[in-house]
Structures are given as structure tokens and as C-alpha cells.
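Trainee: Predicted model follows, preceded by the sequence.
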Amino acid sequence: MNYDNIKLTSSEIGTLWTEYVNGTMTDCVNRYMYSIIEDRSIKKVFEDAINTFAKQKEQIIDFIVKDGFPVPLGFTDSDFNMKAPRLFSDIFCLQYLHVMTLHGLIGHSTSLSASTRKDLRHMYDSFDSDAKRMFHQTIELLLNKGKFSRDPFFYPEDNVEFVGDKNFIGGLLTTKRPLSAPEIVNISFNIKKNIMAKSLSIAFAQVVQSKEARIFLEDSQDTANNQIQMLNKILNNDNLPSPPSFETEITTSQVAPFSDKLMMYHIGFLFQVGQVYHGAGLASAMRTDLVMTYEKIILKNITVVKNWFDVMVKNKWLEQPPLAPNRKEINTNK
């Protein structure tokens, strides 16, 4: 049996739809950033990213069309203004590409794990290879420019140790033990993701046209900042450094390089994906105060995403993904 010809499953069409919409969003941002970047080495990496997605986009469209589904609108040239003045520094653009590449790596792996068809699996394999290449390029460039934020260093113990008592999970009324390496991985990762969400919220709030969108973006900025401070405090209490922020890499321009729809979708995307990282942090946390911090962050983000959804739906900015058949409606209308 030729398994390449079987119909796409709901999971497979769902991953294709998501890859297309999120990919076109990031591509619009990348193309605008490419137009303002002056550093040749950074510009070269963005050129690679733009060309890579152009190839991926055609492959995704081919799968969707062959199974008879409509190609999502996603985001197009109408969603960004190539003539808008500089809103971000060259270094911020590079940091952005690095963070979005991390999201891409996780997204492609999720899409691969949900795929059955061999041709689709091979496509996501190639997407993953593209993202890994971009990941190495952005890190090398950030390191060469002295702008990559490395996580705290540990010093090796003489021997392997085992947890000695239940105080290992203490952190509220009992004495806190030092953070473990797995806990720091997720704390640092979550801070960096919130720094990007905060920075983009600041930039977008400067240029967005809709008043209700601006209010949401200001609130999302405050939410991201509060979460950064909560996690920074845990690091600082162990005398560990915090990742640097990007606010100074944003100019004072008030001219929108992107549509309100794109900017709102982007921030919603970051908060929704952030829930995955917060969940991973919660799963790795074995200190009570850290567990409670993640729970507070996750609950707050649920409210943020709900507010985001309300604004998106009211303005008809949220494209509907493919839905399962509504059997009751079909039976009623026969």
C-alpha cells in the first residue's frame, strides 16, 4: 500500500495549518527586519531565513491543496510596511530570529510527532534540519558579537549525591535549598521568552492603531514584566545572574511596520506558546516556592489569552482552523 496517498489525518492537517499561519507571520516580520538591517552578517542570516520559508511555504501549500482544503490566508504583504522606519536595532532583530528559531524547532518536532504519512514526515525532517541550521547560525553570530546571554555556571561536586530528606522540596516556610540545574534550565528559558514578549509588546504598543489593541499590549507588557521579576527574584536569591532585557534595542518610532492583526496575533502566539514552557518549568520544579510561582504565571496567562481572544474575535482578526464535522448540524439540515 502506498501510504503517501492516504488522506491527511486531522492532526496532520492541523499541523500544516499551524505551520502555514505561524510561518507567514514570522516571514512578514523577517522581511521587514531584513529591510532595515545594516549589519551585513545579520542581513545574510535573515536572507537565508526568508529563502528557506519561501521553499517551505510551497511544500505546505502543496499538501493542503492536494487534500482539498483551502489554503489559510495567514499573513501577506498587506500585513507589513516595508517603508516603515526602523523600530528595532540590528541586534534585536538577531535576538528575535534566534528566539523564533527556537519556537520553530519545537513546532517542527511536534508536527513530525503528529504525522503518519512518510512524505509528510520527510518534509518535517527537512524543516527541522533548516531550523537547526538557523539555530547554529544565530547562536554563532550572537556569540561573535558578544550578545548571547549564557546561563549561570555551576562548579562540579566531588561525588554523586542523592536527595537526603523531604526538605528538598521546601521553599515557603522551610529553608530553601539551592536551585537545581534542571530548574535553572527552565527558569532561564522562561525569562528569555518573557523578555521577548515584553519587548515586542512595548514596540507594538508604540505603533498599533487600535485603542483596544494598545490597551491589551500595555497589559501584556506589564504581565510579562511581572513574570520576569518573579523568576528573576528566585535566581537572585541564589545569587545567580538574570538574562539581560532588550528594551533599549527598540527605537521611538510611532510608524507601524505591521498590521494591528499581525501584532496582536504575534503577542497572543507568544503567550500561548509560553504556557508550554511554563508547564515544562512546573514539571521540573521540586521546590514549593517555584511550583507556586509557575502556577501563578500559568493562571495569569490564561486570563491574558482570554482577553487576547476577545479582541481578536471582535475585530475579525482570528482565522478559523479546520473543524471536525458538526454531525448535529448536518442531521438538522438534511
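Mentor: On my side now, so go ahead.
Trainee: gap between the nearest residue to Met33 once chain neighbours are set aside and Gln272?
Mentor: In space, Met33 comes closest to Cys93 once its chain neighbours are excluded; the distance is 4.2 Å by Cβ to Cβ, 6 or more residues apart in numbering. C-beta here means a position set from N, CA and C on the backbone, and glycine is covered the same way. Per Cβ to Cβ, to the nearest Å, Cys93 is found 23 Å from Gln272.
Trainee: Next up, the contacts around the nearest residue in space to Leu8 that is not next to it in sequence.
Mentor: Sequence neighbours aside, Asp67 is the residue nearest to Leu8 in space, at 4.8 Å (criterion: Cβ to Cβ, 6+ apart). Shown in contact with Asp67 (Cβ atoms under 8 Å, 6 or more residues apart in numbering): 7-8, 13.
Trainee: and which of these is nearest Glu329?
Mentor: Ile13 (20.0 Å; Cβ to Cβ).
Trainee: which residues touch that closest one?
Mentor: With Cβ under 8 Å, 6+ apart, Ile13 has these contacts: 64, 67, 69, 322.
Trainee: Isn't Met33 up against Gln95?
Mentor: No. Using Cβ atoms under 8 Å, Met33 is not in contact with Gln95; the gap is 10.8 Å.
Trainee: how about the strands in this structure?
Mentor: In the chain, no strands are defined using DSSP state E.
Trainee: shaky segments in it?
Mentor: 1-5, 164-175, 333-334 (pLDDT under 70).
Trainee: so can I have CSV of the contacts of Asp67 showing distance to Asn226?
Mentor: Converted to CSV, the contacts of Asp67 look like this (distance: Cβ to Cβ, whole Å):
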residue, distance to Asn226
Lys7, 46
Leu8, 41
Ile13, 37
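Trainee: closest to Leu299 among these?
Mentor: Distances from Leu299 to these, taken by Cβ to Cβ, are shortest for Ile13, at 31.7 Å.
Trainee: Neighbour count: Cys93 and Gln272, which is higher?
Mentor: Cys93 (25 against 14; other Cβ atoms under 10 Å).
Trainee: can you list the domains in this protein?
Mentor: Domains of the chain are assigned by automatic domain parsing as 3-144, 167-314.
Trainee: now these as a markdown table including distance to Asp151?
Mentor: Output for the domains of the chain, formatted as a markdown table (distance: least, Cβ to Cβ, whole Å):
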| stretch | distance to Asp151 |
| --- | --- |
| domain 3-144 | 13 |
| domain 167-314 | 5 |
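Trainee: Any idea which of the ones you listed gets closest to Asn331?
Mentor: It's domain 3-144; of these, that one is closest to Asn331 (Cβ to Cβ) at 20.5 Å.
Trainee: Go ahead and measure how far the closest one is from the middle of the chain.
Mentor: 12 Å (Cα atoms, centre = their mean, to the nearest Å).
Trainee: To what extent is Ser126 buried, counted in neighbours?
Mentor: 14.
Trainee: actually Lys7, not the one I wrote
Mentor: 10.
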